[in-house]
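Trainee: here's my sequence, what's the structure:
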Amino acid sequence: MLNISPEKIETSVDKEIFENVLSINKVKKVHFKKIRPQLFKYTLLFIIVILFLPWTQNIRSIGYVTALNPDVRPQTIQSVIDGRIEKWYVREGMFVNKGDTILKLSEIKTEYFDPDLVKRTKNQLESKNSAIKSYEEKVKALENQIISLLNIRDLKIQQLKNKLAQTKLKLQADSNEYIASKINYQTAEIQYKRGEELYNQGLRSLTELENRRVKMQEAQAKMIAAENKYLATLNELQIVEIELNNINNEYQEKISKAESDKFATISALFDAMASISKMEIDLTNYTIRNNQYYVIAPQSGYITKAIKTGIGETVKQGEDIITLMPSNYQLAVEMYIDPLDYVLIDTGATIRIQFDGWPAIIFSGWPGLTFGTFGGKVVAKDRFASVNGKFRILVAPDESDHPWPKELAVGGGANCLALLKTVPIWYELWRQINGFPPEYYKLNNTQDSKVKKSNKE
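Mentor: Numbers count the residues shown, from 1 in each chain. Okay, the predicted model is just below:
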């Protein structure tokens, strides 16, 4: 009874007659002014109870579906060389296997126009190899020549040394002979003078004096001949000594010239070897370049978009031609968080994800009541900010949760909810009012080990 009517029941009902009626008494006793304090008390109690309920702190972020491994993410295929498109072998949306031909290019650089460029380079390489063999043979011949000159020089030196020794012995013999002849001449001269004195005294005849003069003249002639022989031998000894001194210079000059020719040949040999190395590099490059005229698929996947189109269009080296989405990949989500929240999310943290196209009922503070979201685990986070000023977080599927939809496509949107520490609601309200960041916490060792084990699996 709200008691809002102007007609009061007390004025129209006899109280004594209905004094024992329980319902009338209850209606009479019930009054809103008496109920209001109790209602306020219970409401306040209810609010206090709610304030002490647990609330899971979280960080909201917009993310995008991507591939977990970098090698299976969407990629563009470039041309390794400059060329002109001649023929297409694929169309957009087609599935290609690894190694399938995507398109054919033709050459646009003048230095590669020659169709027999590889063959001509091989011929030049063979000619250079023959030149190297000739240089090697010439080096061997010069080495043999140097060895021969050294041997001849040694023999000549030994020969002259022997001749020098013989000449010295001959000089000694001629010297003795000259001394002997000189002594004989002196003796003959003394005998002649003595005979002349005796002849003047009349003790010797003229004939004896003349005989002694003849003997003296013969001894003088022998002495002069011995002296000439001695001087000739001495001159011969000096000539042998000069030849011995000149032989080293003579053959050293020849050996030096041969060595100079040898080193010049070796230098030419090294130049030829360097030319061969360069030609081999050019030959390999030409061969590889011929194979680059066909652009092939680096891995199996779907052709998504042709960036270059048509026939005859020029393609520069490293320029994007077509995009490819690999077929065998594991999904992940890229989410971006503010620098203020960077330290709050660590590897292994739990993430709840709502994918575009999959309806969900989300209670951010009570993840247990949330419906339609999928679980994820943080597997990596960047150590530097992205161009948007935020940090990128990579989230992989949580193996302990139900699997992600197979219909997800790379590039789709995702609303991410990073779950942090559980706190009372009053604390969360106080934190929000004061603008404080969520609580920082670390996973315990047991959780870390579980996360690592799940990542390995």
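Trainee: residue contacts, the spatially most central residue of the chain?
Mentor: Central residue check for the chain by Cα atoms, centre = their mean: the C-alpha nearest the mean position is that of I281, 19.0 Å away. By Cβ atoms under 8 Å, 6 or more residues apart in numbering, the contact set of I281 is empty. To be clear about C-beta, it is placed using only N, CA and C from the backbone, and glycine gets the same treatment.
Trainee: cool, and D114?
Mentor: D114 makes contact with R120 under the criterion Cβ under 8 Å, 6+ apart.
Trainee: for it, phi and psi?
Mentor: phi -60, psi 120 (degrees, to the nearest 10).
Trainee: mind telling me what element the residue nearest to the centre of the chain is part of?
Mentor: helix 206-291 (DSSP states H and E).
Trainee: show me how far that helix is from its chain's centre.
Mentor: 58 Å (Cα atoms, centre = their mean, to the nearest Å).
Trainee: over to stretch 198-205?
Mentor: For stretch 198-205, the distance to the chain centre is 122 Å (Cα atoms, centre = their mean).
Trainee: tell me how far the ends of it are from each other?
Mentor: End-to-end distance for stretch 198-205: 9 Å, by Cα to Cα, to the nearest Å.
Trainee: now do it: everything it contacts.
Mentor: With Cβ under 8 Å, 6+ apart as the criterion, stretch 198-205 contacts 195, 206, 208-209.
Trainee: among those, which two are most distant?
Mentor: The distance between the two most remote of these (Cβ to Cβ) is 10.0 Å, for G195 and L206.
Trainee: of these two, which one has the most company?
Mentor: Shown here are G195 and L206; by other Cβ atoms under 10 Å, G195 has more neighbours (21 against 8).
Trainee: wait, that one sits on E210?
Mentor: No - counting by Cβ atoms under 8 Å, G195 stays clear of E210, with 9.2 Å between them.
Trainee: which residues do the two both contact?
Mentor: Shared contacts of G195 and E210, defined by Cβ under 8 Å, 6+ apart, are absent.
Trainee: off-centre distance for the one helix or strand E197 maps to?
Mentor: Taking DSSP H and E as the criterion, E197 maps to helix 117-201. How far helix 117-201 lies from its chain's middle: 64 Å, per Cα atoms, centre = their mean.
Trainee: could you tell me the angle between that helix and helix 206-291?
Mentor: 170 degrees (axes from the mean of the first three to the mean of the last three Cα atoms, to 10 degrees).
Trainee: and helix 117-201, average pLDDT?
Mentor: For helix 117-201, the mean pLDDT works out to 86.
Trainee: equivalent analysis for stretch 230-247, please.
Mentor: The model assigns stretch 230-247 a mean pLDDT of 85.
Trainee: what about dumping the CA coordinates of it to CSV?
Mentor: This file holds the C-alpha atoms of stretch 230-247, laid out as CSV (Å, rounded to 0.1, in the frame of the first residue of the first chain):
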residue,chain,number,x,y,z
TYR,A,230,158.7,-15.6,-65.9
LEU,A,231,157.1,-12.3,-66.8
ALA,A,232,154.8,-14.1,-69.3
THR,A,233,153.7,-16.5,-66.7
LEU,A,234,153.1,-13.7,-64.3
ASN,A,235,151.0,-11.9,-66.9
GLU,A,236,149.1,-15.1,-67.5
LEU,A,237,148.4,-15.4,-63.7
GLN,A,238,147.0,-11.9,-63.7
ILE,A,239,144.8,-12.7,-66.7
VAL,A,240,143.5,-15.8,-64.9
GLU,A,241,142.8,-13.8,-61.8
ILE,A,242,140.9,-11.2,-63.8
GLU,A,243,138.9,-13.9,-65.6
LEU,A,244,138.0,-15.4,-62.2
ASN,A,245,136.8,-12.0,-61.0
ASN,A,246,134.8,-11.4,-64.2
ILE,A,247,133.2,-14.8,-64.4
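Trainee: now, among the contacts of stretch 198-205, which is nearest to E428?
Mentor: G195 (161.0 Å).
Trainee: tell me the contacts of that closest one?
Mentor: 204, 208-209, 212.
Trainee: which of those residues tops the neighbour count?
Mentor: R212 (22 neighbours).
Trainee: any chance you could map the strands in the stretch 301-450 of the chain?
Mentor: 301-306, 314-315, 320-326, 331-337, 350-355, 374-381, 391-397, 413-424 (DSSP state E, counting those that start in this stretch).
Trainee: nearest to V49, of those?
Mentor: Here strand 413-424 is closest among the strands of the stretch 301-450 of the chain (Cβ to Cβ), at 10.9 Å.
Trainee: give me the buried positions along the closest one.
Mentor: Residues of strand 413-424 classed as buried by neighbour count (16 or more other Cβ atoms under 10 Å): 414-420, 423.
Trainee: same question, stretch 48-60
Mentor: Residues of stretch 48-60 classed as buried: 55-59 (neighbour count, 16+ other Cβ under 10 Å).
Trainee: in its sheet, what does the longest strand along the chain sit against?
Mentor: As assigned by DSSP state E, the longest strand anywhere in the chain is strand 54-67. With DSSP bridges as the test, strand 54-67 is paired with strand 331-337 (antiparallel), strand 413-424 (antiparallel).
Trainee: just the angle between that strand and strand 391-397, please?
Mentor: Using the same axes, to 10 degrees: strand 54-67 against strand 391-397 is 90 degrees.
Trainee: for the next helix or strand after strand 54-67, the averaged confidence score.
Mentor: Using DSSP H and E, the helix or strand that follows strand 54-67 in sequence is strand 75-78. Averaging pLDDT along strand 75-78 gives 91.
Trainee: could you point out which element follows strand 75-78?
Mentor: Heading C-terminal from strand 75-78 (DSSP H and E), you reach strand 83-88.
Trainee: immediately after that next one, which helix or strand?
Mentor: strand 95-96.
Trainee: list of residues touching that next one?
Mentor: Contacts of strand 95-96 (Cβ under 8 Å, 6+ apart): 90, 102, 297, 300-303, 324, 327.
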